[in-house]
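# What would the 3D arrangement of this be:
(one chain, ligands or ions: 1)
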Amino acid sequence: MAKSAEFDTILVVDFGAQYAQLIARRVREAKVYSEIVPREGLAERIRAVRPKGVIFSGGPKSVHVEGAPSVDNAVFDTGVPILGICYGAQLMARDLGGSVSRTGTGEYGRTEIDVTSSSPLFRELPGQQVVWMSHGDSIVEVPPGFDVTATTAAVPVAAFEDRERGFFGVQFHPEVAHSERGQEILKRFLFDVCGAQPTWTMVSVIEQSIAEIRARVGGDRIICGLSGGVDSAVAAALVHKAVGEQLTCVFVDHGLMRRDEPEKVVDTFRNRMGFNLVEAKSADRFLERLAGVTDPEAKRKIIGETFIRVFEEVAHDASLGPDGEALDTAPFLVQGTLYPDIIESGTKDAAKIKSHHNVGGLPDDMKFELVEPLRDLFKDEVRVVGEELGLPEEIVWRQPFPGPGLAVRIIGDVTHERLEILRHADAVLLEEVRTAGLYRELWQSFAVLPAIKSVGVMGDERTYAYPIIIRAVTSDDAMTADWARLPYELLEKVSSRIINEVPGVNRVAYDISSKPPATIEWE
Ligand code: XMP
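This is a model prediction of the structure:
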C-alpha cells in the first residue's frame, strides 16, 4: 500500500538540482512522511494523494529565463497549504501577482533576517536570526493578500505569507544546517500550519513493511543477494523478520573484498543473525576471467557478468522445491533499492560516467518477482531500521563499497599478489581511521594501488616498489565529494605503518582531488 495512504504526507516539488532531497529528508526527520514529486501534473496529484501540505523546493534557475520550471496555477486552488522556498517562493510570488526582479542585490551564504510581524512560521523564535541565502533575483512586491513577515538589510522580502490561504514563502533555505532555526521553521509549517501528525517513525515503518512482505510473499521462497553492505543487509533483515526460514541469502565472494570481510559477512548473517546463507566462494573464477584485463569498464563488465552467472547457479538451487523439483512460480527476489535510486531514475538523465549499476544487475531472462522493502527510504532511515532490527554497528555504519570491489582500486592487472598488497594497506588505513574516531564522518576512506613503481631507499638498500594512494572523502550522496582534511598526525602514522608493514610498498601519497572533476574511485 502507498505510504501516503498510511501516513500524513507532504509533497516536495522538485525544481531541479538536489534541493528537494534535502527538504524531503528534513521533513522526515520531523517524523512526517514526504515524497518528492515532479512539477508536471501537480494539481491532479495533490487531489489524488491529498497531502497535508506542499513544499516548493529551490532550484538553480531564475524565474525569468525561458523554460524556467513552473507549475499549473490550479495548484493554488487545491486548498492545500504551500511553503515556497527560494526559487519556490519567487515562483509563488510571480504566479500569484507579485513581482520578482533582477535587482543586482543577490545574497549568498550567511545572512541575518529581521522578523517584522507575527507569523506562524516564526512563532516564539528570535526576531533576528541567521539563515542561509542563495539568490540572485529578489521578490520586490508580494502578491495581493500577502504580508511581508521578514526582511534583510539587502532585500525587502525575506519571508511573506497569506495566512488565510495557507501560502508561505521564504527566500532563505530553512533545510540547510546553516540556517540556525531552519528545522524549527519547517516544523511550524508542518505541525502548526498543515496540522500533520509526527507518526513517520522507523518502528512504524518496520511494522508496516513486515505486514506488506508477509502479504506479498505468502508461503513462497524468497532469495536475497547479500554483499555485506548496509542496503542489502537491512533489506534481508526486514524480510527475515517477516518470513524467517523462507528466506535464503546468497553471498557471492568474488575474492575482491577487503581483508577478513567475507568471514565477517558469514559470521554475522549465518552465526549471529541465524539466516539461511549460501556462500559462493568464487575468487578463482573471477580472477581467471580478470587476468590481463586493465580497462576499467572491461573489468566492471566481466565482474558483473561473472557475478550474474554465479548468482544464477546458486539461486537456481535455492529456488527448487524441497525434493529438488522445479516450482512453477517465479521465486521472489529481495533488492535493496533505496528512495534516491528511484527519484534519480525517474526524473534525471545523469550522464553515464561509470557503469555502476550493471554490477549485480540481473539478466532479463531470469524471472523473479522483485521485493524492494527499502524503496521509500533514504539512507539515514535505512540505518535506523538496521539498528532497530539488531544488525551490528559495523554493518549498519559501513562506508559504501563498490560492487566490483578492490578490482576498481587496483589500476591495471588484478592479481593475487597485488590484491594482497592493497588489502594489507587498506586494513592499516581503516584501522588508523577508526582509532582516530573518523570512520563514520568520512563518506569513504580507502587505499588505491596504482600500476607504477618508484625508487626508494630502505636501510642501505635501493628499493623499486609500488606507491599506495590514500583516498578519503566527505560527501552527502556521492554525487559530489571533497577530499577530507585528515589530520597530519593521522596521515603520518598511516604512511609510516604502510611503508614499514606492507611488503612491496615504499611510498604513500594522499589524493587531494574533489569530485567533480575527479571521481571518488580511481577507476
Ligand atoms: P565515483 O567513483 O563515480 O563513485 O565517484 C561514486 C560512488 O559509487 C561507488 N561506486 C560503485 N558502486 N559499482 C558500485 O556498486 C561500481 O561499479 C561503482 N563504482 C563506484 C563509489 O564507491 C562511490 O561511493
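
# from memory A158 sits against F172, does it?
Yes. Between A158 and F172 there is a contact under C-beta atoms under 8 Å: 6.4 Å. C-beta: built from backbone N, CA, C; applies to glycine.

# got any residues that touch both of the two?
Residues within reach of A158 and of F172 at once, by C-beta atoms under 8 Å, 6 or more residues apart in numbering, are I113, V131.

# The longest strand belonging to the chain - what's its average pLDDT?
Using DSSP state E, we find that the single longest strand of the chain is strand 461-474. Across strand 461-474, pLDDT averages out at 97.

# and that strand, what other elements does it pack with?
Packing partners of strand 461-474 (3 or more C-beta pairs under 8 Å, 6 or more residues apart in numbering; DSSP states H and E): helix 416-435, strand 444-448, strand 454-458, strand 482-483, helix 488-501, strand 505-510.

# Check the offset of it from the chain's centre.
Centroid separation for strand 461-474 versus its chain: 30 Å, with C-alpha atoms, centre = their mean, to the nearest Å.

# Is there proximity between it and the ligand?
No. Applying C-beta under 6 Å from any ligand atom, one finds strand 461-474 separated from the ligand by no less than 8.5 Å.

# List the neighbouring strands of that strand plus their orientation.
strand 444-448 (antiparallel), strand 454-458 (antiparallel), strand 482-483 (antiparallel), strand 505-510 (parallel) (DSSP bridges).

# can you redo those as CSV with distance to P340?
Shown next, in CSV, are those (distance: least, C-beta to C-beta, whole Å):
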stretch, distance to P340
strand 444-448, 17
strand 454-458, 40
strand 482-483, 20
strand 505-510, 29
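
# circling back to that earlier point, format the helices and strands packed on strand 461-474 as a markdown table; extra columns: mean neighbour count and mean pLDDT.
A markdown table is the format used below for the helices and strands packed on strand 461-474 (neighbours: other C-beta atoms under 10 Å; pLDDT from 0 to 100):
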| stretch | mean neighbour count | mean pLDDT |
| --- | --- | --- |
| helix 416-435 | 19 | 98 |
| strand 444-448 | 23 | 98 |
| strand 454-458 | 12 | 95 |
| strand 482-483 | 16 | 97 |
| helix 488-501 | 16 | 98 |
| strand 505-510 | 18 | 98 |
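
# how far does stretch 55-72 stretch from start to finish?
Taking C-alpha to C-alpha, to the nearest Å, stretch 55-72 runs 15 Å from one end to the other.

# same thing with stretch 268-288?
Chord length of stretch 268-288, first to last residue, is 29 Å (C-alpha to C-alpha).

# go on, stretch 12-27?
First-to-last residue span, stretch 12-27, C-alpha to C-alpha: 9 Å.

# Would you mark the buried spots in it?
Residues 12-16, 18-27 are the ones in stretch 12-27 that count as buried (16 or more other C-beta atoms under 10 Å).

# Report the helix or strand with the lowest average pLDDT across this protein.
Lowest on mean pLDDT, DSSP states H and E among the helices and strands of the chain sits helix 339-347, with a mean of 69.

# hang on, the earlier thing: can you check which of the strands paired with strand 461-474 gets nearest to the ligand?
strand 444-448 (5.7 Å; C-beta to the nearest ligand atom).

# Alpha carbons of the closest one, in CSV - could you do that?
Provided in CSV are the C-alpha atoms of strand 444-448 (Å, rounded to 0.1, in the frame of the first residue of the first chain):
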residue,chain,number,x,y,z
GLN,A,444,34.7,6.7,2.3
SER,A,445,38.3,6.1,3.2
PHE,A,446,40.4,3.6,1.3
ALA,A,447,43.7,2.7,-0.4
VAL,A,448,44.4,2.5,-4.1
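
# Report the distance from it to the chain centre.
Here strand 444-448 is found 19 Å from its chain centre; the criterion is C-alpha atoms, centre = their mean.

# can you state the direction angle for it and helix 488-501?
Computed by axes from the mean of the first three to the mean of the last three C-alpha atoms, to 10 degrees, the angle separating strand 444-448 from helix 488-501 equals 30 degrees.

# so where's the stretch 151-300 of the chain shaky on pLDDT?
Scanning the stretch 151-300 of the chain for pLDDT under 70 picks out nothing.

# All the strands of it, residue numbers only.
Along the stretch 151-300 of the chain, counting by DSSP state E, counting those that start in this stretch, strands occupy 159-162, 167-170, 222-226, 247-253, 276-281.

# follow-up on the earlier one: save the strands paired with strand 461-474 as TSV, and put in distance to the ligand too.
Below are the strands paired with strand 461-474 laid out as TSV (distance: least, C-beta to the nearest ligand atom, whole Å):
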stretch	distance to the ligand
strand 444-448	6
strand 454-458	25
strand 482-483	12
strand 505-510	17
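
# Low-confidence regions, the stretch 301-450 of the chain specifically.
Low-confidence segments of the stretch 301-450 of the chain (pLDDT under 70): 319-322, 324-330, 344-366.
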